[in-house]
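**Q** Dropping the sequence and predicted coords here.
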Amino acid sequence: DTGVSQDPRHKITKRGQNVTFRCDPISEHNRLYWYRQTLGQGPEFLTYFQNEAQLEKSRLLSDRFSAERPKGSFSTLEIQRTEQGDSAMYLCASSLKSDEKLFFGSGTQLSVL
Amino acid sequence: DQQVKQNSPSLSVQEGRISILNCDYTNSMFDYFLWYKKYPAEGPTFLISISSIKDKNEDGRFTVFLNKSAKHLSLHIVPSQPGDSAVYFCAASAPAMDSSYKLIFGSGTRLLVRP
């Protein structure tokens, strides 16, 4: 499978706990994006990496959120002290530098109880 | 402030007929538009795109039309098939200094194609 891979597919956690999601992009893609999608809405941009550099962060990304892409390959998104409002589908996407088309993974569905 | 709007949350059409999904945008800087299709429990899948220098792009049963003066685009599916039943998202991007191609999505239209 050469698509974008996300792990886990589902995560249930209690309010106040920390969670971490992983994304493995398509191997030759140097751009990696994180989006969040809530019910009835389209995906909302969170942050973007070009190789290992995090070049843009949305205002949606509070201080409790941190993303890394240490070697320019896989990325992690961590949410600290989760809140019920963090419940959403977290989508990862990747692309080539010259391509405006993003390829999405299947997402991680987070439920905060 | 929604820059990309899909005002129809749902659409139901008969198999074999045409499906027309609409999208409006407000940001005149957008120069590239895409349609994505999403099945439940899966990520969005790219369907078709159009650059602002064109007014039509066709790929098999799917055609996207762009009306820049009206800031409106539409996706036509002909003929519609039951397997087309999904949520369709319109997305747009504007030129960025770092060529980040950050996509702004609409809220989606759920298409149901009835057999």
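**A** Looks like it came in fine. Numbering: from 1, shown residues only, chains lettered A, B, ... in the order given.

**Q** which residues in chain A form strands?
**A** For chain A, strands defined by DSSP state E occupy the ranges A:5-7, A:10-13, A:19-24, A:31-37, A:44-50, A:53-57, A:65-68, A:75-79, A:88-95, A:103-104, A:108-112.

**Q** model confidence over the longest one, on average?
**A** For strand A:88-95, mean pLDDT rounds to 95.

**Q** and it, is it in reach of chain B?
**A** Yes. Looking at strand A:88-95 against chain B by Cβ under 8 Å from any Cβ of the partner chain, the contacts come from A:91, A:93, A:95. Every residue, glycine included, has its C-beta placed from N, CA and C.

**Q** Out of these, which is nearest to chain B?
**A** Chain B lies nearest to A:Leu91 out of those, by Cβ to the nearest Cβ, at 5.6 Å.

**Q** The closest one bridge partners, please.
**A** Going by DSSP bridges, A:Leu91 is paired in beta bridges with A:Tyr35.

**Q** cool, B:Phe65 as well?
**A** Taking DSSP bridges, one finds B:Lys56, B:Ser74 as the beta-bridge partners of B:Phe65.

**Q** Please tell me how far it sits from B:Asp59.
**A** Taking Cβ to Cβ, to the nearest Å as the measure, B:Phe65 falls 13 Å from B:Asp59.

**Q** Among the two, which residue is more densely surrounded?
**A** Under the neighbour definition other Cβ atoms under 10 Å in any protein chain shown, B:Phe65 and B:Asp59 were set side by side, and B:Phe65 has more, 17 against 10.

**Q** Quick check: the more buried one touching B:His76?
**A** Yes. In this structure, B:Phe65 sits in contact with B:His76. The criterion is Cβ atoms under 8 Å, and the distance is 7.0 Å.

**Q** number of nearby residues for A:Ala88?
**A** Each residue near A:Ala88 was counted by other Cβ under 10 Å, and the total is 20.

**Q** Verify the stated contact: it with A:Leu110.
**A** Yes. Counting by Cβ under 8 Å, A:Ala88 touches A:Leu110, with 6.1 Å between them.

**Q** Near chain B, which residues of chain A? Just list them.
**A** Taking Cβ under 8 Å from any Cβ as the contact definition, chain A meets chain B at A:4, A:6, A:31, A:33, A:40-45, A:48, A:50, A:55-56, A:91, A:93, A:95, A:97, A:99-107, A:109.
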